[in-house]
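In: need the 3D shape of this:
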Amino acid sequence: MADEYKEKKKTPVSKDLDINLSVLQERMSVKENYDVIIREMTVGSVRVALLFIDALTNDQIVTLILKELVGIRRGEISTNAFEKIFSHFVPYTEVDMADNMEELIDKVLSGPQVLLVDGEDKAIVIDARTYPARQPEEPDLEKVVRGSRDGFVETLVFNTALIRRRIRDPRLRMEAVQAGVRSKTDVVICYIKDVANHQLVENIKENIQKIRIDGLPMAEKAVEELISPGSYWNPFPKVRYTERPDVAAVHLLEGHVLILVDTSPSIMITPATYWHHLQHAEEYRQNPTTGIYIRWLRFIGVAASIFLLPLWLLAVLHPDLLPPWLKFIGPQKSGQIPIFLQFILAELSIDMVRMATIHTPTALASGISIVAALLLGQIAVQVGLFSSEVVMYVAIAMIGTFLTPSYELGWANRMVRLFLLVMVAAFGLPGLIVGVAVFIGYLVMTRSFGVPYLWPLIPFNWGGLKGVLFRTPVSMINLRPSILKTREKIRQAVPEPARRPEKR
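Out: Got it, this is the predicted structure:
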């Protein structure tokens, strides 16, 4: 398998056009592929061939270029044909050269057009490509009441344009690499040169270049699993996903590094701590006081989604642990099956409903929700399958899960809740204590590209913790997190060399 991924020897472009066409026929099966087109013609007195993929070509631009080529008079390019065509007769901005067949084929399969000239050992690459694309629209998972309604799409060049529109800094970098031996998927590493940590940028580029698999059909998710350090089985996301350009721009200004993968509308923000996944653009679309309230309400909801069910189960199984003023906690009717199994069945049922809603057409989704509410709620309680308290507490926990801005973190917290339920059912109060300790210890050991997952809580940093607990006013946004080790902070930490005294 390792030999399959070794770099093959490059074949130079021949000066004989017929040899080049035979190589292309052998490697690209031009005659068998209906969408691979070679347009042969004579311009002046020189034979040329234009190679392109039909569906990826901007027909209007290519037609204008062909008009210019057809207008060349006989003898006008009899000498130095390549230089004259390249410099004078290809009226387009994005033009390059290729001198080997591997690069030429890769370019064509990516969308650009290649012009081969008889008698020349180089080819002209014309990047007049176009991709099937939808218009930017507000992402469903990150809606805001007030704010921009544009979002990232599956076309990489559109996504980079949405970021450039918001950050017009010449130091903003968009470095393109390719991953996947067969797919050759375009990946862009985006950062601000004098802000981002240079070592982090180099590590990400090195890890992407080390990817040695056939393709990336799952786009950004495949890249995350292949470059993020740590265990594959860790459910907590080590990068934050966003489909909002304004969110991406804010993180760039803080010193984060973005990874954009072609064919995906979600971009990765690195590094990302646990608290990054709990922030939402809506907090910054309201005034600071309202933003703090929204953030704390979200924190309470997320905490309830993790700890409410295990605590209630502990109170039901061990009522002697409750103080007298909390003796009312517990089901009046326990149902026909044990409380613990009721929780597990309710959790599984809700997950089934969520999955069914995702796979159900929009016109039928509301009907699925009504049926699920009747079956899981009213009828299940009436027949004694669930107690009413179990349904209520599971519903509260699910609301907390939906309050989590990060879809990936919501699933991770859900697994933690199930783990704590099992520990409480098996060992009672000691099980809950041990389960919470394991949960916190697991988060402490988790790192996102070298950054502690619970920073600024562990290790403690009061300045950073204030930014987590309280919605920062806009005037203080330029205070970048110290844990990112941005280049501005590194530059400030290194003293400037002392100036030599001027000679009089």
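In: what residues are up against the residue lying closest to residue 318 once chain neighbours are set aside?
Out: Nearest residue to residue 318, sequence neighbours excluded (CB to CB, 6 or more residues apart in numbering): residue 428, at 5.6 Å. In this view, the C-beta of every residue, glycine as well, is placed from N, C-alpha and C. By CB atoms under 8 Å, 6 or more residues apart in numbering, residue 428 lies in contact with 314, 317, 318.
In: how about 10 Å then?
Out: 313, 314, 317, 318, 321 (CB atoms under 10 Å, 6 or more residues apart in numbering).
In: next one: residue 176
Out: Counted by CB under 10 Å, 6+ apart, residue 176 has contacts 156, 160, 186, 187, 188, 189, 260, 262.
In: kindly report the same for residue 297.
Out: residue 403.
In: hang on, it in a helix?
Out: Yes: assignment of residue 297 by DSSP: H, G, I helix; E, B strand; the rest coil places it within a helix.
In: buried residues in stretch 351-364, which are they?
Out: residue 353 (16 or more other CB atoms under 10 Å).
In: try stretch 458-477
Out: Within stretch 458-477, judged by 16+ other CB under 10 Å, the buried ones are 461, 464, 467, 468, 471, 472.
In: any idea how far the third one lies from residue 474?
Out: Applying CB to CB, to the nearest Å, the value for residue 467 to residue 474 is 13 Å.
In: likewise for the fourth one?
Out: Taking CB to CB as the measure, residue 468 and residue 474 are separated by 17 Å.
In: tell me where the stretch 301-450 of the chain has helices.
Out: Here the stretch 301-450 of the chain has its helices, by DSSP state H, counting those that start in this stretch, at 339-358, 362-373, 380-382, 388-403, 407-445.
In: so how many other residues sit close to residue 391?
Out: By the criterion of other CB atoms under 10 Å, residue 391 has 18 neighbours.
In: pLDDT (mean, whole number) over stretch 59-72?
Out: Stretch 59-72 carries an average pLDDT of 88.
In: buried residues in that stretch, which are they?
Out: 61, 62, 65, 69, 72.
In: now, which of the residues you listed lie within helices?
Out: Under the assignment DSSP state H, these contribute 61, 62, 65, 69 to helices.
In: just want the most central residue of the protein.
Out: For the chain, the residue nearest the mean C-alpha position is residue 267 (2.9 Å; CA atoms, centre = their mean).
In: for that one, give me its contacts.
Out: Contacts of residue 267 by CB under 10 Å, 6+ apart are 152, 156, 159, 163, 188, 190, 220, 239-245, 247-248, 251, 258-261.
In: for residue 209, see how far away it is.
Out: 19 Å.
In: hey, which helix or strand in the protein has the poorest pLDDT?
Out: helix 487-493 (a mean of 49; mean pLDDT, DSSP states H and E).
In: about what we covered before: make a markdown table out of the buried residues of stretch 59-72 and add distance to residue 418.
Out: Below are these laid out as a markdown table (distance: CB to CB, whole Å):
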| residue | distance to residue 418 |
| --- | --- |
| 61 | 56 |
| 62 | 57 |
| 65 | 61 |
| 69 | 66 |
| 72 | 72 |
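In: what is the nearest of those residues to residue 326?
Out: residue 61 (73.2 Å; CB to CB).
In: enumerate every residue touching that closest one.
Out: So residue 61 contacts 91, 92, 94, 113, 126, 127, 128, 129, 130 (CB under 10 Å, 6+ apart).
In: give me that answer again for 6 Å
Out: Going by CB atoms under 6 Å, 6 or more residues apart in numbering, residue 61 touches residue 128.
In: adjust the sequence numbering to begin at 40 for everything that follows.
Out: Fine by me, first position is 40 from now on; the one you just mentioned is residue 100.
In: how far away is it from residue 152?
Out: Residue 100 is 9 Å from residue 152, by CB to CB.
In: in the buried residues of stretch 497-516, find the pair that's most separated.
Out: 500 and 510 (18.0 Å).
In: now for residue 357, how many residues are close by?
Out: Residue 357: 13 neighbours (other CB under 10 Å).
In: any idea how far residue 350 is from it?
Out: For residue 357 relative to residue 350 (CB to CB), the value is 11 Å.
In: cool, and residue 178?
Out: 34 Å.
In: check residue 118 too.
Out: 86 Å.
In: what does the closest residue to residue 232 other than its chain neighbours show for phi and psi?
Out: The shortest distance from residue 232 to any non-neighbouring residue, by CB to CB, 6+ apart, is to residue 210 (4.4 Å). Note on residue 210: backbone dihedrals following degrees, to the nearest 10 are phi -90, psi 0.
In: I figured residue 210 hits residue 233, correct?
Out: Yes: when contacts are counted by CB atoms under 6 Å, residue 210 is listed as touching residue 233 (5.3 Å).
In: now the contacts of residue 467: which count as buried?
Out: 352, 353, 356.
In: show me what the closest residue to residue 248 other than its chain neighbours bridges to in the sheet.
Out: Using CB to CB, 6+ apart and skipping the chain neighbours, the partner closest in space to residue 248 is residue 216 (6.2 Å). Per DSSP bridges, the residues bridged to residue 216 are residue 226.
In: my guess is residue 216 meets residue 226, correct?
Out: Yes: counting by CB under 6 Å, residue 216 does reach residue 226; the two are 5.3 Å apart.
In: would you mind giving the domain segments of this protein?
Out: 42-165, 179-311, 323-491 (automatic domain parsing).
In: which of those is buried the deepest?
Out: domain 179-311 (a mean of 18; mean count of other CB atoms under 10 Å).
In: doesn't residue 495 belong to a helix?
Out: No: counting by three-state DSSP, residue 495 falls outside a helix, being coil.
In: how far away is the nearest residue in space to it that is not next to it in sequence from residue 497?
Out: Excluding the flanking residues, the one nearest residue 495 by CB to CB, 6+ apart is residue 503, at 3.1 Å. Per CB to CB, residue 503 is found 11 Å from residue 497.
In: do the same with residue 394
Out: 35 Å.
In: having no further points to raise, I will conclude here.
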